[in-house]
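S.K.: show me how the following folds:
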Amino acid sequence: MAIASCIWIGIEHLAKDLAVGAVSPHRRSRQVFCGRLAAIEGLRVAFNEQTFNGQSGDLAPEWHDADAGTTIGAGLLSDLLRQRRPVEEVVLMLPPWDARHHPTPLEAGFQVPSEVPSEVPSEVPLEVTLDHTRSFVERIAMSAAAARAVMSPSESIGMTILSPTTPALTALGAGLQALTETWADVERSWWQERHLQLALMQPAQWLSERAAPTR
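M.R.: Here you go, the predicted model:
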């Protein structure tokens, strides 16, 4: 029987504790991490050191440089998902709700600090706002389309979208959050009709649910 894959998309927004904690529920799955690899070298090293110690049945993770927020990256992801079937679950990490001038620690691939910044730039250049909005929407739409193409009720859980841990602090961020929640509510019926899950949740909730046997 083929080994099912757990596909992670947007790992440049993946905190180290989530990456390490998430492996246990999928210990016998092929872990496939996709995103901007140049931004997460420290995370990648820490993940490999802490999770794969040569235990019987463990599979070395795969790392692929594919940005779901770009057309080229989305195409690479679509091909990758088809090549890694059967797919057990697709997990999409969303970027921060708000557009920023400079990468936050999470965007740079480092562990999120305990003190979350309480402010975002009051004036973000228009080109930054437009690029952030376009990339955010394309990331969700393209990732979902790729996941839908390879999901099968007999071998798949479904797709999980993990929300940013910090709340939206701007009108743009609040709009993107509302758009994401509305999209998930409407899209969920397609998945339910095929006996698959589509979930939008916080990383901590996902870890808590996956810690308990679901199948």
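
S.K.: how about C6, secondary structure?
M.R.: Under DSSP: H, G, I helix; E, B strand; the rest coil, the three-state class of C6 is strand.

S.K.: surely it touches V91?
M.R.: Yes. The pair formed by C6 and V91 meets the contact definition of Cβ atoms under 8 Å, at 6.9 Å. Where C-beta positions appear, they are placed from N, C-alpha and C, glycine not excepted.

S.K.: where's stretch 82-90 relative to the chain centroid, distance-wise?
M.R.: Centre-to-centre, stretch 82-90 and its host chain are 15 Å apart (Cα atoms, centre = their mean, to the nearest Å).

S.K.: just the terminal-to-terminal distance for that stretch.
M.R.: End-to-end distance of stretch 82-90: 12 Å, with Cα to Cα, to the nearest Å as the criterion.

S.K.: residues touching that stretch, excluding its own?
M.R.: With contact meaning Cβ atoms under 8 Å, 6 or more residues apart in numbering, stretch 82-90 is reached by 2, 4-7, 9, 26, 29-30, 32, 81, 143, 146-147, 149-152, 155-160.

S.K.: of those residues, grab the buried ones for ChimeraX.
M.R.: Here is the ChimeraX command that selects the buried residues among the contacts of stretch 82-90 (16 or more other Cβ atoms under 10 Å):
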select :4,5,6,7,9,26,29,30,32,81,143,146,147,150,151,156,157,158,159,160
